[in-house]
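A.B. asks: Provided below for reference: sequence and predicted model.
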Amino acid sequence: MGGRHRTDDLEGGYNPQYEPPPRRRAGRGMVFVPLAGAVALAVLLGVAAYVVVNKNPACSGDKIALSVVASPDIQPAVQKVAAKFTKAGTAVDGRCVAVTVKAADSVDVANAMAGSGPTTGKPDPDIWIPDSSLWLSGAGGQGAPKPTGSVAHSPVVLTASKAGAEKLQAAFSPSWTGLMSAANAANPDGLAKKVRVLALDPTQNAAGLGALLAGANVLTAAGGSEETLVGVLRQLSESTVSSPDSLFATLTKTAARIPVGISSEQAVWAFNTKTTPSNPAVALYPAEGTVSLDYPIVVTAKDATVRKAAAAFATQLTSSAGKKTVQDYGFRTPDGKGGSLLKADNGVNPKNPQEIALPDAATIAKLSQAWHQIKLGTKLLALIDISGTMALPADSTGITRMQAISGVGIEGLKLFPDKADVGVWAFSDNLRGKGVDWKPVVQIGPLAQQINGVTRRDLISQALQQARAIPTGNTGLNDTLWAAYQKMTKEYEPDKVNTILLFTDGVGNDDPNGGVSNAQILQRLRQAYDPKRPVSIIAISFNTNKDEDQKQMTSIAKATGGAAYFPQTVLEIRNIFLKGIARRLCAPKCEGAEQQ
C-alpha cells in the first residue's frame, strides 16, 4: 500500500493516509519534505508543458510540409495565420502540419503555371493565394485552377494625394467615366489638361487590369465606341508606372496636371500607415462602383494527404480569427467588411463600395490582348502627296488639300508616343531625277530623338508646315508605294506594328513616265505581303469621289491587310487616326482585308 500511496503523491494527489517512515522525521526530515514538494512541482510543470505542445495526442511523427505562396501584400497576414495554425499542432492523418508562407508576385506564379511569359522563379506551392481571380484564367488555359475560397477583398480605387484631391474637387468627380475622359488620347484639350492619369500595367498588376475592365465596362454601357476605347488604351499605355510604390511616389510630386492613379484600397491604407507620409494618399471611390481584388485560395497540391492539410489551413484562413487577422492588415473580409483600421484618418472609407462584377474569361482575354497590341511599338513611314492637285481646295472652308494634309499629319502625330519610329517621304514625280518620284524628308527613327538639337517630332511638324504642292507636279503614286513597301519589308521589326501611312487626294496614280501600273501595284503588293511579317498600308485620301479611284485605293490597302479612308472634311481626321490604330486589335485578319 505504501508504494501505491507514494506514486499517488508523486503524481500530485494528496493522500492523508500516507505517513512517512520514522527515519524521515529525524535529522534532515525538515529539509526532505520541501525538496520532495519541489520535485513534484517540477514534474507537474513538465507534464503541463507536454500537454501544451502536444495537446493533440494523434499528432506525432514526421510533419506534413505545406508550402503557401501568397501575393506580397497579403503575405504578412497569411504568415500570421500560418504561425498560429502550426503552433496549434493541428493533425492530419495523425501527423502535424508545418506551414511555410512565401511572397511572390501573382503574375510570376501565373506565368510559371501557364508555362508562358517571364517569371523570376519556378514557384510550385501547395496553396497559391494571388491577389485576384483575374490571374486564374491565364494560369491554366482551359484547365484553369478553381479557387476553394477567398481570404480577403480589397476594392480597386482611384487615388490622389490629399493635397491633389482637394484641388481636383471642382474639376473631377471620382468616376470611371471621368478617368476614361481624362485618359483619352483623342481628347487632349479636355479633362486631360488638368488631370494626368497614372496606370498600373494590366499585364503585371491585377488592380491595373481590374481598373481597365471596370472603365471599359462603363464606357461600353454608355455607348462609347471602339475608337474611344482605343484612344484611352493608347494614352494609358504610355503613362504606366512600374509598381504601386512608384505610383505613390509620383502622386506626391507637384505638377501642372494633378496625377490620379489606380490602386487597391489596401495599398492606399498601407502607404499611409506604414510610411506616415507628409502628404498622404486618398482613396477615391468611383461613382459607378468598382471591382475588387478577391485573394482566392487555390489548392495546387497533388498528394492526397497534403491536399487534406491544405483544406485544413484554408478553413483556418477563412475562420473568424483569420478574418480578423486580414482586417488588421487593411483588407476587407470577403463580404466587404473592413476592420477598425479602415477609416478616414488612414485615407480610406469604411463603407463598402458598390460592386461591379468581373466579366467572363473571354472578355478579360480580349481586353488583355488589346492592351498588348496597342502597347506594341510603332514603325511608320508617312507618304505625303505634293503633286499639283494638292493645291486645290480641300472643302468648303477654302483651305487647300496640302494645308489639310499638313494639319492632319500634325494632329495625328500627337497620338504617337515619343518612342514611336516615324519617318516622312514626299512624292510627286521626278523628284530625284527622271522616274524617281519620291524623296526622304525625315528619316525613320524615334520621335524623341534629337537631330541637330531638334527632336524628330518637331522636325516632322516643321516639314509638314512647310510642305508646298508643286503646281506642275504629277502623282507618281504606284512607284512610290512600291519603293516604300520594299523598304519597310526589308527593314521589318517584329516587335513593332509596321505601317505605311499614305496621304493623298482623289487623283490616284498619274505618272506620265509610266512606271508601275495600277494592275501591277496590286499584283506586287499581294505577292509581297506576308501575314507573319505584316506591313500594312493605311490610305487617307481627301476628296476621292470617283468610284474607280476609291476602288483602286481600297484594293491597294486591302492587299496588305490595311484600310482606306476617304474624308471630305478635316474634322473627320482624328477619328480616322484612331480607326487606324484600332486595326491593331484585329491585324493581320481584319474584316475587309483581302484573303491571300
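C.D. replies: That came through fine.
A.B. asks: and the helices in the stretch 401-550 of the chain?
C.D. replies: Secondary structure of the stretch 401-550 of the chain, counting by DSSP state H, counting those that start in this stretch: helices at 401-413, 456-466, 477-490, 518-528, 547-558.
A.B. asks: got the CA coordinates for the longest one in CSV?
C.D. replies: In other words, helix 477-490. The C-alpha coordinates for helix 477-490 follow below in CSV (Å, rounded to 0.1, in the frame of the first residue of the first chain):
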residue,chain,number,x,y,z
LEU,A,477,1.8,57.1,-106.5
ASN,A,478,2.4,53.5,-107.6
ASP,A,479,6.2,53.8,-107.9
THR,A,480,6.4,55.5,-104.5
LEU,A,481,4.2,52.8,-102.9
TRP,A,482,6.3,50.0,-104.3
ALA,A,483,9.6,51.6,-103.2
ALA,A,484,8.2,52.3,-99.7
TYR,A,485,6.8,48.8,-99.4
GLN,A,486,10.2,47.2,-100.3
LYS,A,487,12.0,49.4,-97.8
MET,A,488,9.6,48.6,-94.9
THR,A,489,9.5,44.9,-95.7
LYS,A,490,13.3,44.7,-95.8
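A.B. asks: show me where the stretch 1-150 of the chain has its helices.
C.D. replies: Ranges of helices in the stretch 1-150 of the chain, per DSSP H, counting those that start in this stretch, are 2-10, 29-53, 75-87, 106-114, 136-140.
A.B. asks: how many other residues sit next to the nearest residue to Lys102 once chain neighbours are set aside?
C.D. replies: Leaving aside its chain neighbours, Lys102 sits nearest to Val69 (5.4 Å; criterion: C-beta to C-beta, 6 or more residues apart in numbering). All C-beta atoms are positioned from the backbone trio N, CA, C, and that covers glycine. Per other C-beta atoms under 10 Å, the neighbour tally for Val69 reads 27.
A.B. asks: use 434 as the first number from now on
C.D. replies: Okay, using 434 as the starting number, the last item reads as Val502.
A.B. asks: so Val502 versus Leu774, what's the distance?
C.D. replies: 26 Å (C-beta to C-beta, to the nearest Å).
A.B. asks: check Ala916 too.
C.D. replies: With C-beta to C-beta as the criterion, Ala916 and Leu774 are 67 Å apart.
A.B. asks: surely Gly641 and Pro635 touch.
C.D. replies: Yes: counting by C-beta atoms under 8 Å, Gly641 does reach Pro635; the two are 4.2 Å apart.
A.B. asks: per-residue pLDDT, Val930?
C.D. replies: On the pLDDT scale, Val930 is placed at 89.
A.B. asks: Gly769 now?
C.D. replies: 94.
A.B. asks: please name the residues that touch it.
C.D. replies: Each residue near Gly769 by C-beta atoms under 8 Å, 6 or more residues apart in numbering is listed here: His586, Ser725, Asn785, Glu788.
A.B. asks: which among the residues you listed end up buried?
C.D. replies: His586, Ser725, Asn785 (16 or more other C-beta atoms under 10 Å).
A.B. asks: chain neighbours aside, what residue packs nearest to the last one?
C.D. replies: The reference is to Asn785. In space, Asn785 is closest to Gly769, 3.6 Å off (C-beta to C-beta, 6+ apart).
A.B. asks: quick check: the one you found vs Ile730, distance?
C.D. replies: 18 Å.
A.B. asks: then Ala794?
C.D. replies: 19 Å.
A.B. asks: looking at those two, which is more packed in?
C.D. replies: Set Ala794 next to Ile730 and count neighbours by other C-beta under 10 Å: Ile730 wins out with 23 against 16.
A.B. asks: that one contacts Gly582, doesn't it?
C.D. replies: Yes: taking contacts as C-beta under 8 Å, Ile730 lies within contact range of Gly582: 4.6 Å.
A.B. asks: mutual contacts of the two, please.
C.D. replies: With C-beta under 8 Å, 6+ apart, Ile730 and Gly582 have common neighbours Ala747, Leu750, Thr751.
A.B. asks: take those residues and keep only those in strands.
C.D. replies: Among the shared contacts of Ile730 and Gly582, DSSP state E puts none in strands.
A.B. asks: show me which of those is closest to Thr653.
C.D. replies: Relative to Thr653, the closest of the shared contacts of Ile730 and Gly582 is Thr751; by C-beta to C-beta it sits at 34.4 Å.
A.B. asks: who's in contact with the closest one?
C.D. replies: Gly582, Ser583, Val584, Ile730, Pro767.
A.B. asks: measure the residue sitting nearest the centre point of the chain to Ser614 for me?
C.D. replies: Using C-alpha atoms, centre = their mean, the residue of the chain that lies closest to the mean C-alpha position is Pro635, 0.7 Å off. According to C-beta to C-beta, Pro635 and Ser614 sit 19 Å apart.
A.B. asks: what does Asp862 give?
C.D. replies: Taking C-beta to C-beta, one finds Asp862 at 46 Å from Ser614.
A.B. asks: what number of residues lie near the nearest residue to Pro826 once chain neighbours are set aside?
C.D. replies: Of all residues not flanking Pro826 in the chain, Thr833 sits nearest, at 6.3 Å (C-beta to C-beta, 6+ apart). Neighbour count of Thr833, defined by other C-beta under 10 Å: 16.
A.B. asks: list the contacts for Thr932?
C.D. replies: So Thr932 contacts Thr811, Lys812, Leu813, Leu814, Val968, Ser969, Ile970, Ile971, Gly995, Gly1013 (C-beta under 8 Å, 6+ apart).
A.B. asks: and the last one, what does it touch?
C.D. replies: By that I understand Gly1013. Neighbouring residues of Gly1013 by C-beta under 8 Å, 6+ apart: Thr932, Leu934, Ile971, Ala996, Tyr998.
A.B. asks: the fifth one too?
C.D. replies: For Val968, the residues meeting the contact criterion (C-beta under 8 Å, 6+ apart) are Tyr918, Met921, Thr922, Tyr925, Asn931, Thr932, Ile933, Tyr962, Thr993.
A.B. asks: what's the answer for the third one, then?
C.D. replies: By C-beta under 8 Å, 6+ apart, the contact list for Leu813 reads Phe849, Ala853, Asp854, Val855, Gly856, Ile877, Asn931, Thr932, Ile933, Leu934.
A.B. asks: the fourth one now?
C.D. replies: Under the criterion of C-beta under 8 Å, 6+ apart, the contact partners of Leu814 comprise Val855, Gly856, Val857, Trp858, Ile877, Ala917, Lys920, Met921, Thr932, Ile933, Leu934.
A.B. asks: and what of the second one?
C.D. replies: Taking C-beta under 8 Å, 6+ apart, we find Lys812 in contact with Ala853, Asp854, Ile877, Met921, Glu924, Glu926, Lys929, Val930, Asn931, Thr932.
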